[in-house]
Structure formats: C-alpha cells, structure tokens
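# structure for this input, please:
(chains A, B, C and D)
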Number of protein chains: 2
Amino acid sequence: MLTGTNLTYTKAYNFRIVFETIRLEGPISRADIARRTSLTAQTVSNIVSRLLDKSFVLEGSKLQKKRGAPSTTLEVNPEGAYSIGLDFNRDHLTGILVDLSGNMKTKIFHEVDSLLPQQAIELMVNTVRQLTSSEEIRNAYFCGLGVGLPGPLEINSNNEVSNTVNPKAFPNWNNVPFGSMLKEQIHAPIFIENNASAATISERWYGAGKNIPNFLYTFFGAGLGGGLVLNGSIYEGHNKNAGELGYFPFLGEKSPLSDSDQPHVGEHFNLKKLYKWLNGYDVNIKRPEDLSNLYLDKHPQFMEWLNAGKRYLLPVFLAAEYMVDIEVIILGGRLPHIIIEDMAADLPRLLSGVRIDIKAASPRFLSGTAGVDSAALGAATLPIFDLFAAQTDVLMKSNGNGG
Amino acid sequence: MLTGTNLTYTKAYNFRIVFETIRLEGPISRADIARRTSLTAQTVSNIVSRLLDKSFVLEGSKLQKKRGAPSTTLEVNPEGAYSIGLDFNRDHLTGILVDLSGNMKTKIFHEVDSLLPQQAIELMVNTVRQLTSSEEIRNAYFCGLGVGLPGPLEINSNNEVSNTVNPKAFPNWNNVPFGSMLKEQIHAPIFIENNASAATISERWYGAGKNIPNFLYTFFGAGLGGGLVLNGSIYEGHNKNAGELGYFPFLGEKSPLSDSDQPHVGEHFNLKKLYKWLNGYDVNIKRPEDLSNLYLDKHPQFMEWLNAGKRYLLPVFLAAEYMVDIEVIILGGRLPHIIIEDMAADLPRLLSGVRIDIKAASPRFLSGTAGVDSAALGAATLPIFDLFAAQTDVLMKSNGNGG
DNA sequence: TTATTTAATCAAACAAATTGATTTAATAGA
DNA sequence: TCTATTAAATCAATTTGTTTGATTAAATAA
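Residues are numbered from 1 along each chain as shown, chains lettered A, B, ... in the order given. Below is the predicted model of the structure:
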C-alpha cells in the first residue's frame, strides 16, 4: 500500500510522460516536450532517442518558429506496435487488430450462441492466430491481448474469471480458469476486463476523453454499464463496480421492460428485453444496428422506449454531478451512433429541468468516438494502456514496473 | 498537467512515505518500515535520521522478536509540530491548536453574528495570536494555519474567496481578498477550504478513515456537505463540488423544512431551518448540542425530522454505492455524537431495503471520530496534511515540492 | 561456546536527471 | 553581406538519492 519509489521508477514514468506528450500534442519538438513536462531538454532528448530506437515514435518535418535552429517534430509511429482486442458476449465474438494509434487494421466477427468456456477459448485462439498472421505484424512490437467480457467480473488470484452478475446468461462459466486457459496457448500479456471498463479506458486513451481527465462513460452494451475516469485514471471502486449504472433503481415510473422484483435502470437498456418488447409490437429486431431504421422512421414504440430511457437516466446523471462533480459525460457502446447523438443532444436540456441552478455548470455530454466496436477497441487498448499510460502507480515499487 | 519527475521528488515522496508508515503503524522499527515500503534499509535509515533531526519522530523502546539484534521502535513525536485550525461560520468562530498527532491542545470559542470581512479577519488574527502565545509552541515547528469556511468556495488566483452558494448568508463577502488579508498579518502557510472538505481531510488523516483509502464523508454542519476520498486522496471534482450532497433533490416525499422552489436534501439538514421548524412546536433550540436532549427524550417532532432525514439520505447513499462503489460511509460534523451514532447504526438496514441484492457488499457506515469540532480539526489538519501526506502529486514537478 | 539471525549503519558504487558547454542553424538588424 | 542573437539539440561533467556490499553489534538456538 504505502510503498516508496526510486530513480528506476522515475525513468519509467518519464518515459511514459514523454510518449504521452507526443501522442497527445504531436507533432511536437523535443524542446516543446521539455517545456510542457518540466523535464530538462537533455532528459527529453535521451528518452526520445529510446523511443526512436524502439520505433514507437517517428521524426517528422523540421519546424521553424521565429529565430534559432528549427526543431524536429516527433509523432507516434502507428506501426510501432500492435495489440489485439476481443469482445466476447453471448451472441458474438469480435476480434480486432489495432495499431499504436488506435486504428483498426483488421476485424473478425463471429456470431455465436452461448458457447461453453472450452469452445469460446478455441474460437478466441483461432481468431488471435488469424489476426496475427500477417508479416507486418510479426515484425512489429506486439503489446498483447485484451479480452472484454460482459458484466461485472471477479477475477481471482489464479486468473479464474467468474461472472458474478448474471450466471444465467453464462451457464457453466463460474470459476473458469479463463486467463490461464488462454495463456497456455497465447504467449503474450493477457488482460481481462469487463467490456464497459475496457471501453472506458479506450475512450480515455483514444477517444472523446483523450484530453478530459474526469468523466463518466456510459456504455450501452448488452445492458447498461459504464466507467468513471478520475484524475486521468479509471476508478474501479471497492468491488470493481464503480460506474455500474444499471444498478440504479427506478425512482419515478418503472420501465415496462422491467420484470424483476428489484426493478433497476439496467433492465430498460437490456437489448434482449428491448427486442422482445418490440416484438410484442410486431417489430423484428436482432442486432443493435437494426435500431437505426426504427429511429429514422420515428417508430412510436421505439421512440417511447428511447424517451423513457432518457428520463430514467436523469437521476443517474444527477448523481454523477452531485456526488463526483463530473465535468463530462460520454455516451457510447453498441447502440447506433445517431441514437447516441440524439441522447447527447437531448440530455442537457432534460437535465437542466431537474437540477438545481445554484450550481454554475452542468456536465457536458459527448458521444463516444469508438462506435459499435467500442468494446473490442476497449479490449485492444488494455495492453497498450498497460505499457504506455503515465499512471502514477508506475512510480510505486509495489507494481514491479521498474524496467 | 503531464509533468515529469526526478530524484529530488523521489526523496520528498519517500520522506512522506516513511513518516506515514510510522504514523499509521508505529511503534515500528526501521527494518519493518523497509519491509513495508519496499525501500532498502539504508534509505529508511537515512530518512529516519532526518525525521529524528527535525523531531518529527521519537525513538522508543527496543523490541525483541526471535533472534538477532533488537530493533529500536519509532513513533510520531506529538510535540514535533503544531498547527492551527479556524472554523468560521455566521454564528461562531472556533480556533484550535493541535499537535502533530492531532490532539487538541487549546480551544477558543467565539459566538459571533454575521461579521463583516474586516471584523472577521481581526478576530481570527487575535485568536491565532492567542493560540500561539505559549513558549512550548514557539519552540516547535509551526505548520501553518487552516481556515474552514461554510459552503462551496471559489478561491481565485489572487487568493480572493467568494462564497458562491449562499451570498445571502454572507453579505459583503463576495470577492474578498481573504487569503491575502490574513497573510498580511500572519506569516505562515495559510490554507482555506470549505469546512466539509477540511473535515473530510482530517477524518482521512486522523480519524475513522485513517486506514480506509476510499470513503464518502457526510458532514452535518450548518447544512449538509461532504467529501469524497478516493485512492487515499480527497477528490474535489471539476468545480470543487464533489460530495456536495445537499444538492440532491428529494426523490419521493419532500421535507416540510424545504421552502425553496428547487427543493433539495440540504434544506432538511439546514440547522437554522430545523431550529425554526422546531420552534413552531414550542421547542427552543440554539445550538446543535441542544439536540441531544431531544433525541434522548425521543421528542416526537425531532424524531420525525431524524427519521425523515434518514429516508432522504438513502438515494444519496445509493448513488455513492452505484456510482463510485464506495467502501465506507463516514458520518460526522456538528450534530451530537449520539445522533450520528443512531444514523450509522440504522442506515445499513434502511439501505438494504432499497438496494439491489445482486451486489455482494453494501457500504459500511462509521461515525466520525472528530465530534463537534470536526470542522476546526479539519482546518488544522490542512497545513499538516500539506507537509506530510504522501500524495502522489508530490512526485510531480508542477507542484514545486522538490525541497 | 559457537553458529546463526537480525538490526543498523558506514562506505563505495550506481543510475538517473541536471548543469554547463558546444555545435548547428536559423533570423533580425546594422 | 556581415554580425549578433536566438533557439534546438547533444556531448561531457556533475550532482544526488538510492542501492549494494561490508561491517559491527546484539540477541537467540543449538
């Protein structure tokens, strides 16, 4: 807990700070990096030459300001490293290969139906093999594999994953040594996260939260999830459930989609339940993409669902404002972009109708940049984040990040 | 924002880590400190001799374990440093002198009535002079002065304080150069905070949150305030309003004490309003201490108020659970301890009636240790916290803490 | 009585950032 | 056109806090 630091950790941290500065501010010169980071020019110069050696950054054009020698600009080399992300759920497995800049290079999509752990592992391993088959990738630095799983997870010290929230959706998935099963076949760093947390991390790293150190991410996946980013880092909470927005109870009216004896907002955003409910009105929907047309057609039942959903979210966002005084709320996930955009546009007005105007500023709403593959991109970001993010815990001895 | 670090900062941080370990785990030997902090014995030895030089710690008795040389234990020297805290409000100014261990050495209480800034400054300066008059204090290290003011504050770069929430309560207090007025007469580090945040910090440093890195502190002061401690540090939020629990709207029934057109939970816990409301039932109350008897007598209106208050707090605490997944909720402030205790005992049951039991663990409730002077103790903690707390931002160059 | 274990510190080595000097390359102004 | 000035980048030497290795002292186990 209370652990000291030393100059080896300092080195690792400054390395990340310099990379992060190039990533966010690039193209940028060594001299500018030094000014921004308060590091000396010499230190920056040394770190940059390490970054160039490893091909994580590239030298760009010369840039002339007023007088003096022109500076050489630096920027991230997208091809400097690669990472793989898997988004696994009851109904699909999406695998993507992304480069260091977060560009999706390859994507593989499998429709599946309630796989058993052994089948899932096999499909995942094959997907990873396929994604890493190209020559280009073999020659570059491979950061590792990230896997996003639905809902809150418990991952014990033996790398066994248990899905604590919804064992019904994943029968035979309790206490599965998921991580070690993958590790046996994939010899690279492996990260397992719930898909909402993973999406939050990538929205922070590559997306709308790139320059926003404090935000709430709202993830519309199979259900309603989310994540909190505070002081630049994801805040997971005591039981790793921070931002599990779906748990909030209905405070006024209850959703017609809710059928549990403990009604909670997540039920309203449960896609399976939505499909089923719409089916009662003779609307046949199978995938989130199909909702676009309903929205464009202003389908009455769908609009009813959408507008009710916004109302149910208000207490959730009020809580974000009053409890954590959040700056920005980012909406993202598997829902089509136009629907996300609609919510981001509409919610500030609705929120201002219920909040206390003693307070100066209400949170801003942004729509996420990742789109339908946000969960897979999130998973792919995990290994990159682990290697490059300038989190302060890199400085702590307890984390063994000295190298 | 993104700023590097170097070995000077490492030194400052390790110094704090060692002190913190002695503070929390003491009496403890150098060897044990080294084991706990992952620092080498040599580093710990060097830092401890600096701590001994400055009299911040003391050597205690020898301690024999199994074999080997007996170790010398170390503990905080309470008399090693002093700090002053002022809790200022419309109706009172409390000044206290505390030692390095958080013991209150002297206390001065003034009843006041809506002072003007100039009058307040004068009274504060006199109080500080009085508190620092003893010989004992003059010879020890003086950390500085902390001032707690009610409600959310805005403190601009010129050290001008403006009370943004309730200008009616403090007329002529907008854009007062409060900090600089104090600095002219008191030549020591000065810290100004809202009293709920200050109380949160002291509860973290000395109180019930000493060993709890993530908690919500609920502060019953003139109104309802609070503070969030996340990852061991106070989290203030984008507009410094995190934990301003009073803003939460009533979600079911509305408090009879509420009289604004935007009813919010804070109104119910507004002491002035409570006194006035009780007055309507022929109960004459002037100070929070007077509420003890009403509680002990189970006075019907008071109990009505108390029980309703617990109900109004439930959505607030649900938000703390679902949004930030908080481990512990600490209740404290100016309300008498027995009333705080009653709430801490009763709330878990009430909360379990409304929360979703999918989730494993509900937050624990603790009552704060500071009691009625929590705000003043909080203020006094500010200078000590600034000097000794092992916050990771000590490691960042931007904070100029290199010495 | 001796070997072993442990605490604590002295002394030397190490590793990172810093400081100071140098080189290179551009512009501003005479 | 020439010279002074400004700025980027790096080489070389210095600084500084931690680490490593060795030593001393003090206790227990066998």
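# tell me, what residue is most central in chain A?
In chain A, the C-alpha nearest the mean C-alpha coordinate belongs to residue A:199, at 1.8 Å (CA atoms, centre = their mean).
# what values do phi and psi take at the residue of the stretch 101-250 of chain A found nearest DNA strand D?
Of all residues in the stretch 101-250 of chain A, the one sitting closest to DNA strand D is residue A:101 (21.4 Å; CB to the nearest atom of the strand). Any C-beta I mention is one placed from the backbone N, CA and C, and that applies to glycine too. Residue A:101 adopts backbone torsions of phi -90, psi 0, taken as degrees, to the nearest 10.
# what about it, how many neighbours?
15 (other CB atoms under 10 Å in any protein chain shown).
# any idea which element the closest residue to residue A:134 other than its chain neighbours lies in?
Spatially, and ignoring its direct neighbours in sequence, residue A:134 is nearest to residue A:106 (7.9 Å; CB to CB, 6 or more residues apart in numbering or on different chains). Take DSSP states H and E as the rule and residue A:106 turns out to sit in strand A:104-111.
# would you mark the buried spots in that strand?
Neighbour-count burial for strand A:104-111, counted by 16 or more other CB atoms under 10 Å in any protein chain shown, picks out A:106, A:108.
# gap between that strand and the chain center?
Distance of strand A:104-111 from its chain centroid, counting by CA atoms, centre = their mean, to the nearest Å, is 17 Å.
# alpha carbons of that strand, as CSV, please.
C-alpha atoms of strand A:104-111 as CSV (Å, rounded to 0.1, in the frame of the first residue of the first chain):
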residue,chain,number,x,y,z
MET,A,104,-8.4,-0.8,-36.6
LYS,A,105,-6.4,-2.8,-39.1
THR,A,106,-8.4,-6.0,-39.2
LYS,A,107,-11.7,-7.1,-37.8
ILE,A,108,-13.2,-10.6,-37.5
PHE,A,109,-16.8,-11.1,-36.5
HIS,A,110,-18.3,-14.3,-35.3
GLU,A,111,-22.0,-14.8,-34.5
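# who does it pair up with?
strand A:92-99 (antiparallel) (DSSP bridges).
# okay, the partner strand in CSV with CA atoms only?
The C-alpha trace of strand A:92-99 is given here as CSV (Å, rounded to 0.1, in the frame of the first residue of the first chain):
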residue,chain,number,x,y,z
HIS,A,92,-20.9,-12.6,-30.7
LEU,A,93,-17.2,-12.6,-30.7
THR,A,94,-15.5,-9.6,-32.3
GLY,A,95,-11.7,-9.7,-32.7
ILE,A,96,-9.8,-6.6,-33.9
LEU,A,97,-6.2,-5.8,-34.5
VAL,A,98,-5.3,-2.2,-33.8
ASP,A,99,-2.0,-0.3,-34.2
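# from the middle of its chain, how far away would that strand be?
That offset, for strand A:92-99, works out to 13 Å (CA atoms, centre = their mean).
# try stretch A:236-245
How far stretch A:236-245 lies from its chain's middle: 14 Å, per CA atoms, centre = their mean.
# that stretch - what's its average pLDDT?
Stretch A:236-245 carries an average pLDDT of 90.
# residue A:233 and residue A:119: what is the separation?
Separation of residue A:233 from residue A:119 (CB to CB, to the nearest Å) stands at 35 Å.
# ok, now residue A:258?
The spacing between residue A:258 and residue A:119, counted by CB to CB, is 32 Å.
# ok, those two, which is more surrounded?
Taking neighbours as other CB under 10 Å, residue A:258 and residue A:119 compare with residue A:258 leading, 19 against 11.
# pull the helix or strand with minimum mean pLDDT from chain A.
Sorting the helices and strands of chain A by mean pLDDT, DSSP states H and E puts strand A:161-163 at the bottom, at a mean of 64.
# give me the phi and psi for whichever residue of the stretch 1-150 of chain A sits closest to DNA strand D.
In the stretch 1-150 of chain A, the residue that lies nearest DNA strand D is residue A:68 (2.1 Å; CB to the nearest atom of the strand). Residue A:68 adopts backbone torsions of phi 80, psi 170, taken as degrees, to the nearest 10.
# again, but for residue A:353
Main-chain torsions, residue A:353, degrees, to the nearest 10: phi -70, psi -20.
# any idea how far it is from DNA strand D?
Going from residue A:353 to DNA strand D by CB to the nearest atom of the strand, to the nearest Å gives 50 Å.
# and the pLDDT at that residue?
Predicted confidence (pLDDT) for residue A:353: 86.
# quick one: residues contacting residue A:116.
Going by CB atoms under 8 Å, 6 or more residues apart in numbering or on different chains, residue A:116 touches residue A:172.
# next: residue A:351.
A:314, A:317-318, A:321, A:362-363.
# so it: helix, strand or coil?
helix (DSSP: H, G, I helix; E, B strand; the rest coil).
# where does it sit relative to residue B:121, distance-wise?
40 Å.
# tell me where the stretch 201-350 of chain A has strands.
A:215-220, A:224-230, A:233-235, A:328-333 (DSSP state E, counting those that start in this stretch).
# select, out of those, the one closest to DNA strand C.
strand A:233-235 (21.2 Å).
# how about the closest one: buried residues?
Those buried within strand A:233-235 under the rule 16+ other CB under 10 Å are A:233-235.
# and residue A:57, what does it touch?
So residue A:57 contacts A:19, A:22, A:26, A:48, A:51, A:74-77, A:80 (CB under 8 Å, 6+ apart).
# rerun that using 10 Å as the cut-off
Neighbour list for residue A:57: A:18-19, A:22-23, A:26, A:47-48, A:50-51, A:74-77, A:80, A:100 [criterion: CB atoms under 10 Å, 6 or more residues apart in numbering or on different chains].
# repeat for residue A:397
Counted by CB under 10 Å, 6+ apart, residue A:397 has contacts A:3-6, A:8-9, B:17, B:37-39.
# cutoff 6 Å now
Taking CB atoms under 6 Å, 6 or more residues apart in numbering or on different chains, we find residue A:397 in contact with A:3-4, B:38.
# now it, nearest residue through space, not along the chain?
residue B:38 (3.9 Å).
# you'd agree that neighbour is up against residue A:6?
No. Applying CB atoms under 6 Å as the test, residue B:38 and residue A:6 come out as separate, 9.3 Å apart.
# test for you: state the pLDDT assigned to the closest residue to residue A:269 other than its chain neighbours.
Using CB to CB, 6+ apart and skipping the chain neighbours, the partner closest in space to residue A:269 is residue A:224 (3.9 Å). Note on residue A:224: pLDDT of 95.
# I'd like to know how many residues surround residue A:24.
14.
# C-terminal to the strand or helix carrying it, what's the next element?
Assigned by DSSP H and E, residue A:24 falls within helix A:7-25. Helices and strands here follow DSSP H and E; after helix A:7-25, the next one along the chain is strand A:28-29.
# okay, now the sheet partners of that next one, with direction.
strand A:71-76 (antiparallel).
# residues in contact with the very next helix or strand once past the strand it pairs with?
Downstream of strand A:71-76, the first helix or strand assigned by DSSP H and E is strand A:81-88. With CB under 6 Å, 6+ apart as the test, strand A:81-88 has contacts from A:94-100, A:124, A:128, A:131, A:137, A:140-143, A:145-149, A:375-376, A:379-380, A:383-384.
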